[in-house]
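Visitor: Sequence and predicted structure below; questions after.
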Amino acid sequence: MIIQSQGDVVILRGILEENHWPALKSVVSLLLKRHPAGVIIDGGELTEVTDAGAQTFLDASEFIESHNARVMVVGLSDEIVQAISDVPGIRSQLPRVSTAEEARASLAVSGAETLPAEQRRPVVLVPLIGDWRRSLEYAVAHASKLKADLHVLYIIEVPRAQTLGIPLPEKEKEAERVLAEAEALLKAQGIAVKKLSTRARLPVDGVGKYAAESHPRLLVVAYSKSEFDLINEKQDVMGALCRETECEVAVICSAEPDEPAVPGGRGSVRATEPTILFPLIGSWQRAAGFVEMQASAMKLDVELLYVILVPRTMSLDASMPEKEQEAATLFDEAERALKRHRVPVRRVLMRSRDVTEGIVRHTSASKPASLVVSYERSALDQEYTHHATIGALCHGLSTEVVTICPPEQHI
């Protein structure tokens, strides 16, 4: 058999008598580097395939599946398809269409990055899942401050019974429609955007895997609170995104349509206070930059909250000079971090038997535009922190809640 490459196409000619996948894999892998949007394997000039040769397509399908590789097979005659159909798994797994034109139409939905890493600007990535319009509002503010490119990502959800690379015309058409809608919203604001797509069994898995491979500076995902409840019952959204990636992750539980909205943003009811409430808990020091950018971009004040935890053996108004001094020190540190961009800052000191209960109580009373909390990735492994604290904040408040997972390293 002869293997020949021509542009983004690998052409197979002659009789496929043995497993040629090792040689074919080398050619396909090289072409994927040159043509990240996808590669086509053209078997139209194969005249015969033996049982041993059919293993080539089985190994190819396993490679495509495991790497989510943008590779499609075209041109196989009915006789060749019949010859390889006895190999278990090939018929259902091999992403196959009739012509190169059909393959390119499917591959074109993906807009893979082609610049070398050292030439790329920082990227703010917005997956088009959940309340993605709200995600875009946050992303626009931060992309401007970071001097970053804005990328939008559509995840084509593929049933487990089908190979990831199989053409799905209806879903690909929907991907193009949603990507075009996001692009139009941004272009109306004079913002350039790069449209991308990927494939996955579950949207959150696709987001995490794509971000792990593409290394954005910031990943922004938003859900309405009701949608977050439904998804989080099946999958740990925050954990899945933060453990998979190294970038900064912002997961937003956005206000429902009849709840308070950020001034200037979506929603019908203005928050009582045009502020971002920023409790000094978790890894707040590493989220200060995010809060600063958001407050500056949306012209919001920042309200710093420190909750003194009072043991039940003491009265709530008992003197606790050490805790009060600790609060004053943290307030000073936070103000220094936030005032570099002249963000107005206020201090709130309160006492509570439980830190989360104190945050919920103050938020319910003051109704800020948003509440921002931050946790290190390692803290997400602690069930109490992840499920009790973040869950109580998202479910117990009408205010928008933003959970930040700082980057593992500077990107």
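Guide: Done, it's in.
Visitor: Give me the below-cutoff pLDDT ranges for the stretch 1-150 of the chain.
Guide: 88-93, 109-120 (pLDDT under 70).
Visitor: Apologies, that question was intended for the stretch 201-350 of the chain.
Guide: If you take pLDDT under 70 as the line, the stretch 201-350 of the chain has these spans: 256-273.
Visitor: Which parts of it are helices?
Guide: 203-214, 225-234, 237-244, 284-298, 321-338 (DSSP state H, counting those that start in this stretch).
Visitor: now the longest one against helix 284-298, angle please.
Guide: What separates the directions of helix 321-338 and helix 284-298 is an angle of 50 degrees, with axes from the mean of the first three to the mean of the last three Cα atoms, to 10 degrees.
Visitor: What are the contacting residues of helix 321-338?
Guide: 278, 280, 284-285, 288-289, 291-292, 295, 302, 304, 306, 308-309, 345, 347, 349 (Cβ atoms under 8 Å, 6 or more residues apart in numbering). Yep, even glycine has a C-beta here, placed from its N, CA and C like the rest.
Visitor: could I get the helices of the stretch 201-350 of the chain as JSON lines with distance to L32 and mean neighbour count?
Guide: As requested, the helices of the stretch 201-350 of the chain are arranged in JSON lines below (distance: least, Cβ to Cβ, whole Å; neighbours: other Cβ atoms under 10 Å):
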{"stretch": "helix 203-214", "distance to L32": "13", "mean neighbour count": "21"}
{"stretch": "helix 225-234", "distance to L32": "32", "mean neighbour count": "15"}
{"stretch": "helix 237-244", "distance to L32": "22", "mean neighbour count": "21"}
{"stretch": "helix 284-298", "distance to L32": "35", "mean neighbour count": "21"}
{"stretch": "helix 321-338", "distance to L32": "43", "mean neighbour count": "14"}
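Visitor: Please identify which of these is closest to T50.
Guide: helix 203-214 (36.0 Å; Cβ to Cβ).
Visitor: next one: the closest one to chain centre, how far?
Guide: 6 Å (Cα atoms, centre = their mean, to the nearest Å).
Visitor: returning to that earlier point: out of the helices of the stretch 201-350 of the chain, which comes closest to A141?
Guide: helix 284-298 (3.4 Å).
Visitor: who does that closest one touch, helix- and strand-wise?
Guide: Here helix 284-298 touches helix 132-146, strand 273-279, strand 301-309, helix 321-338, strand 368-374, strand 400-405, going by 3 or more Cβ pairs under 8 Å, 6 or more residues apart in numbering; DSSP states H and E.
Visitor: okay if I get the ones you listed as JSON lines plus distance to E233?
Guide: As requested, those are exported to JSON lines (distance: least, Cβ to Cβ, whole Å):
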{"stretch": "helix 132-146", "distance to E233": "21"}
{"stretch": "strand 273-279", "distance to E233": "26"}
{"stretch": "strand 301-309", "distance to E233": "29"}
{"stretch": "helix 321-338", "distance to E233": "35"}
{"stretch": "strand 368-374", "distance to E233": "21"}
{"stretch": "strand 400-405", "distance to E233": "17"}
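Visitor: Determine which of these approaches L168 most closely.
Guide: That would be helix 132-146 among the helices and strands packed on helix 284-298, by Cβ to Cβ, at 20.1 Å.
Visitor: Export the helices of the stretch 201-350 of the chain as CSV, with columns for distance to E176.
Guide: What follows is the helices of the stretch 201-350 of the chain, written out as CSV (distance: least, Cβ to Cβ, whole Å):
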stretch, distance to E176
helix 203-214, 17
helix 225-234, 23
helix 237-244, 25
helix 284-298, 30
helix 321-338, 41
